[in-house]
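Structure for the following, please:
(one chain, ligands or ions: 1)
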Amino acid sequence: MAAVDRKRGPIPFFGEQFDRQIAAGQYALNPFERLALPFMKGNVLDLGCGLGNLALAAARQGARVTALDACGNAVDDLAQRALDSDLPVWVRQADLEGWRPEEQWDAVACIGLLMFFERRYALRGLDAVRDAVRPGGVAIVNVLVEGTTYRAMFDGDDHHLFTRKEVLDTFEGWAVLEDREDWFDAPGNTVKRFRTAIARRPG
Ligand SMILES: C[S@@+](CC[C@H](N)C(=O)[O-])C[C@H]1O[C@@H](n2cnc3c(N)ncnc32)[C@H](O)[C@@H]1O
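Okay, the predicted model is just below:
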């Protein structure tokens, strides 16, 4: 996995947000993490874990968790919280653009990450999530889709707003357990449109 040295775009953007959340002790699960949690069982992977609230909640319910993110303050804070709680969460700082799995997991969550990659890496990222799931396992993917007008966290044009088809085509032949779109108002009269898919690999 590549080293992390980004001066603009989502990583410094979220780094500042995580600093504020850590200082305020804000560690609540977001709605997408709440949707994912029941599926996080066995050996699980959280790609783009952020502060790792899902990772810790999954570990608390018995999962063995690998959690990866590029933000140094988030992974340091998560590693400390996992240690303090004596929970099985293996945490690493990693730039996940271009990441490919070397093993397979019972569940792979990738919530709010892939749209920050440039298009070719964003689409390959979906394939990487799919390939990281063992037969019978579950993928949980959440991305921003076309129609999103909020741009503050993007680095110029180096991002990709997905289509529903791109997401669902990736999991063709899998049992789709969830396929939903959620809209949120954002600053400056803009909007964020999220697609969440949860799918089980045959096996
Ligand atoms: C919207 S946050 C989502 C965090 C978490 N999954 C959640 O649901 O709260 C996006 C996350 O993607 C991470 N991220 C963005 N680009 C990344 C990259 N190239 N490699 C690894 N992580 C990245 C950010 O650091 C941030 O933690």
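
Quote the end-to-end distance of stretch 41-51.
Length of stretch 41-51, first residue to last, CA to CA, to the nearest Å: 19 Å.

pretty sure residue 117 is touching residue 110, no?
No: taking CB atoms under 8 Å as the definition, residue 117 is not a contact partner of residue 110, at 11.1 Å. Any C-beta I mention is one placed from the backbone N, CA and C, and that applies to glycine too.

Pull up the overlap in contacts between the two.
Overlap of the contact sets of residue 117 and residue 110 (by CB atoms under 8 Å, 6 or more residues apart in numbering) consists of residue 125.

what number of residues lie near the residue lying closest to residue 98 once chain neighbours are set aside?
In space, and not counting its chain neighbours, residue 98 is closest to residue 121: 5.7 Å by CB to CB, 6 or more residues apart in numbering. When neighbours are counted by other CB atoms under 10 Å, residue 121 registers 17.

Export only the CA atoms of the one helix or strand residue 121 maps to, formatted as CSV.
Here residue 121 sits within helix 119-131, counting by DSSP states H and E. C-alpha atoms of helix 119-131 as CSV (Å, rounded to 0.1, in the frame of the first residue of the first chain):
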residue,chain,number,x,y,z
ARG,A,119,-12.6,7.5,-11.9
ARG,A,120,-10.4,4.5,-13.0
TYR,A,121,-9.4,3.9,-9.4
ALA,A,122,-12.9,4.4,-8.1
LEU,A,123,-14.2,1.7,-10.4
ARG,A,124,-11.3,-0.6,-9.7
GLY,A,125,-12.0,0.0,-6.0
LEU,A,126,-15.5,-1.4,-6.4
ASP,A,127,-13.9,-4.5,-8.0
ALA,A,128,-11.4,-4.7,-5.1
VAL,A,129,-14.2,-4.7,-2.5
ARG,A,130,-16.0,-7.4,-4.4
ASP,A,131,-12.9,-9.6,-4.7
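
With that, I have no additional questions.
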